[in-house]
Structures are given as structure tokens and as C-alpha cells.
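Asks: kindly return the folded structure for what I paste below:
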Amino acid sequence: MLRIQRLSCFLIWMNPFWIQLLYFLFISSFGFFILVVLNPKTTSNNSFNPKKLDLFFTSVSASTVSSMSTVEMEVFSNSQLIVLTILMFIGGEVFTSMVELQLRKFKLKFSEQKIACVSSDLSVELGIVRNNNTLDIIILKYNSIKFLGFVVLGYLLIFNFLGIGMVLIYFKFVSSARQVLEQKGLKLSTFSIFLIVSTFASCGFVPTNENMIVFKKNLGLLIILIPQALIGNTLFPSCLRICIWSLGKFMKKKKEIVGFLLKNSEEIGYLHLLPKLHSLLLVGSVLGFVLMQFVAIGAMEWRSNALSGLNCVEKLIGILFLSVNSRHSGESIVDLSRLSSAILLLFVAMMYLPPYTSFMPIKIDEGEEEENQLLEANKRSRKIKRAKFMDNFVFSQLFYLIIFIFIICITERHNIKEDPLNFNIFNIIFEVISAYGNVGFTMGYNCKRQIHPQSNCADKSFGFSGKWSDNGKVVLIVVMIFGRLKKFNMNKQRPWKLL
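Replies: Here you go, the predicted structure:
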């Protein structure tokens, strides 16, 4: 019992960055070992057995919801797809944020007046508080975080189950979509759960080799996935605030708690619970980014080969689907390498931006902020001195990306020399930014672009990184994990100043 209490104390006071880093390393490693134990799909046309590095790469990609692939998705058996589904579910931002809430709740329970975390009885510890006002605030804050945890859990489960149900119903009534699964040997239940969990978690993995290209004419399916991609990522804070407000209208007993959550979102310290104005501006910013891409893609690609074979309605829905997924979800209905350079550059910009980037026309009171920082510095001067020393090694996000791209250019220097059309610098930058943004968009690899054609070269439906060297893949694994944890090195996710 004492060891459990010590472990709880350690986790409570440990830096959240290291907690999440260890968390993603653990679930990625655990998922990798399970994938190794389980056998891949074996058919008359497929007897490919992925390398262990590719399995670890896929496990990291699923747990960090990056959807970068080095092997074709159809090589995975039904059991392996279930493992990847679990990794995406527990690696998604909504789930991990719920875990953060639990840690914060326990930290609040044990932290007041620096009480030693040796008792699990909250009432005993709160009794040490010196005045009733402080006691009431602590109790209210604790209950608010506890209530928020249940709301996030309900949000996660309800929208996932709702999405899965809608996909199952769609495939039941649309034979053309169902035939695709039958031809590929995919189970409908596994596919539906996998697809919705992936979309809601903004992963972008699809159990088919062609991602969503094979379903580009199934408009009903695309319409189901579009809101899932938004409510699970870029619009999560705004939707969460609406849910809390709605619950406050129906649950009169929780009115005080709901009011505290809505009015004191910054004090709660939950990244995804934004103030009212910020939530409204976030909605406008997200819709603005989608509209900007929708217009740009429509203007540049309406008559291009990428959208050939689609009628007007299919093109409109497809362009909207691309515009939504370019931020973080990473599902695609076209071969991205066939899009114009201007659109690809726009995608790079969208992938770089963090999910809650918004236009904030609010003047921050820098004087008050500096005063708080000085007070904190006086209390913990020794710790701040160490922090100042470490600050010398903290750079901007863009600088880190330049370092990663530089290293990959070194690891892939032979491929760059022998196959410059596929291994051009833009393709490498696109892949790295996609991994950093945990998006999963990729330019792919085309044997026809080889300057020195290889007789054994075969086009495969996996990411461009699937053709990289082992060292390059390892670097990209680091990029995916770094991108998943980038929120710890960003100023409120407003990266307008790049340097």
C-alpha cells in the first residue's frame, strides 16, 4: 500500500511532459510487442511479413495518432487492426486529456498547504486548511474537475459510439461500400470501429491500402466522417464548452459547478477548456481555415486529374473532406502527389499549425504577467536559475523541424543522389511536417519518377517514409513523438511568431 502511495506521489508531482513521454513510449512499446506476437494477414496474394522496425514505427504512429505508414494497411490481420484501434483510442488527445484531469484532481487533493500525500481521505486533508473560504474554493474546484472528467468521458464515448453506429448503418444500406470491404477481406464491425476511432482521434489510419480514395464516391460516409474529425480535434474545446453549458441547464444540482467551470476555465488548468471568447474565436478560425482551403482547392484543382471522374457534388464534398483533414486528421480521397504545388504548400502550412490556433484580438496585460512571474521567481529562485540555464537549449518549433530535416537529409543522402525526383527536399519537408503535426498526409512513392529505373520496383500504397532507410525511419519516430508533445513547448498554441 505504501509503495502505491509513493508511486501516486511521484506521478502527481512529476512534470506532465515526462509523464506523457513515458506514457507514449510505454503504449507504443506494448503495442509493438503485441503486433509482433500476432500474425499478419496471409492470403494467396499477400504473404508479406513486416520488419520489426516497421511494426514499431506503426505502433508509434498509431499511439501518437500520426498515421504515418511504412507498410500497406491491408497486411495487418483483424487482430492486429484491433490492437491499432486500441492504441489510437488511448493515444488520442481527448483520452489523454482525461487522464491528465485525473492526475490534476489527485494533485489538488494532496497539494493544499503542502500536505504529505499519505492519506486518501479528502475530508481529513481539507480540514487542515486555515479558513473556510479557502476550504470552500478547494472543494468546489475539486468537484468541478471531477465533474469535468465525467463530461469528457461521456463526450468521448457518446460521439465514438454514435459515429460507429452511423457507419454500420451506412454500410448496411449501401452495397457499393460494403462490396469494397468484402473484396479486401475486412470485417464490417472491425472496419467501422477502426475508422471512427481513427477519425475522432485525428489519426487518419484507414484499414485499406488506398486510405479513403476507394470511398471517394461514397458521399454519405464522407459526410459522417467530417464532423467526427472536427469534434474530436480542432473544435473539441468549443463543443466541450457547449456540452458543459447544456448540462448546466438540465442538471440544476450541478449549476454551481458548471458556473465555476465556465467562468474559471483558466484556473481549472485544462488545456481544452477555453474561455468563452476564445472558444468563439476558435470556431471562426477553424471555419475560416476550412473555407480558405475549400476555395483554394476548388479554384486550383476543379479540372485537375486529381479529381477526375467525380461529378460536381462529389467534388464539392471531396474538397470539403480534404480541407477538414489537412489540419490533423490526415484522411484523403486523392493522391496528394497529383495536386498542384500551391495546394501542397498550403497543406504544409495547415499541418504546421497546432489544432487550437486562432486569431485572438486580445491585448494581454504584460505588466500583470511579469509581476506574477517575479513573485514566483522570488519563491523558487534556485529552481528558476536551473530553468534559465535549460532555456538556452529550448528553441522554436520551426528550428527543431529544420534540425530534423537536416538529419534526415543526411540519413537519406544516398537516396537523394540516386533518386532525386522522389527524394526531393519538398517531399522530405512535407513528410516531416506531416509527422510533426501528427497528420499523416504523404506524397507517396512513384516508381515512374526513378531516374535509374529498377526492374524490381513496385508501387506500394504506403507513405513516402516507407522507402526511407532504417535510420531515417527512426528519426521520423522521434519527430512523431516530438510533435505529439509539442504543446509543452508552445505559448498557448499561437505560433504566429515563428522564431
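Asks: these two touch, right, Leu271 and Ser97?
Replies: Yes - contact criterion C-beta atoms under 8 Å: Leu271 and Ser97 qualify, at 6.8 Å. (C-beta placed from N, C-alpha, C; glycine too.)
Asks: and Leu81, how close does it get to Lys146?
Replies: Look at Leu81 and Lys146: by C-beta to C-beta, to the nearest Å, they are 35 Å apart.
Asks: ignore what I typed, I meant Gln293.
Replies: Note on Gln293: its distance to Lys146, by C-beta to C-beta, is 39 Å.
Asks: what about the two, which has more around it?
Replies: Gln293 (23 against 15; other C-beta atoms under 10 Å).
Asks: just read off the phi/psi values of Thr64.
Replies: Backbone torsions of Thr64, given as degrees, to the nearest 10, read phi -90, psi 10.
Asks: quick one, what contacts it?
Replies: 24, 28, 91, 438, 480-481, 483-484 (C-beta atoms under 8 Å, 6 or more residues apart in numbering).
Asks: now render the residues you listed as TSV, adding pLDDT and distance to Ser323.
Replies: Putting the contacts of Thr64 into TSV (pLDDT from 0 to 100; distance: C-beta to C-beta, whole Å) gives the following:
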residue	pLDDT	distance to Ser323
Phe24	94	29
Ser28	95	30
Gly91	94	25
Asn438	91	18
Met480	95	23
Ile481	94	27
Gly483	91	21
Arg484	92	23
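Asks: most neighbours among the residues you listed, which one?
Replies: Asn438 (30 neighbours).
Asks: okay, and that residue sits in which element?
Replies: Assigned by DSSP states H and E, Asn438 belongs to neither a helix nor a strand.
Asks: which non-adjacent residue is nearest it?
Replies: Ser66 (4.5 Å; C-beta to C-beta, 6 or more residues apart in numbering).
Asks: which of the three states applies to that neighbour?
Replies: Following DSSP: H, G, I helix; E, B strand; the rest coil, Ser66 is assigned to coil.
Asks: ditto for Ile333
Replies: Relying on three-state DSSP, one would call Ile333 coil.
Asks: how many neighbours does the closest residue to it other than its chain neighbours have?
Replies: Spatial nearest neighbour of Ile333, chain neighbours left out: Lys216 (3.9 Å); criterion: C-beta to C-beta, 6+ apart. Lys216: 22 surrounding residues under other C-beta under 10 Å.
Asks: now do Lys216 against Leu280, distance only.
Replies: In this view, Lys216 and Leu280 are 34 Å apart by C-beta to C-beta.
Asks: go on, Lys51?
Replies: 48 Å.
Asks: where does Asn471 land on pLDDT?
Replies: Per-residue pLDDT puts Asn471 at 95.
Asks: try Phe30
Replies: 95.
Asks: any idea how many residues pack against it?
Replies: 15.
Asks: same thing with Ile138?
Replies: Counted with other C-beta under 10 Å, the neighbours of Ile138 add up to 19.
Asks: phi, psi of it?
Replies: The phi and psi values for Ile138, taken as degrees, to the nearest 10, are phi -60, psi -40.
Asks: I figured it hits Ile145, correct?
Replies: No - the criterion here is C-beta under 8 Å, and Ile138 misses it with Ile145 at 10.9 Å.
Asks: what is in contact with the two at once?
Replies: By C-beta under 8 Å, 6+ apart, the residues touching both Ile138 and Ile145 are Leu108.
Asks: all helices for the stretch 151-300 of the chain, in order.
Replies: Using DSSP state H, counting those that start in this stretch, the helices of the stretch 151-300 of the chain run over residues 175-184, 188-200, 219-229, 236-250, 255-263, 265-268, 276-301.
Asks: mind checking how far Ala229 is from Ser323?
Replies: 10 Å.
Asks: equivalent analysis for Asn415, please.
Replies: Asn415 is 32 Å from Ser323, by C-beta to C-beta.
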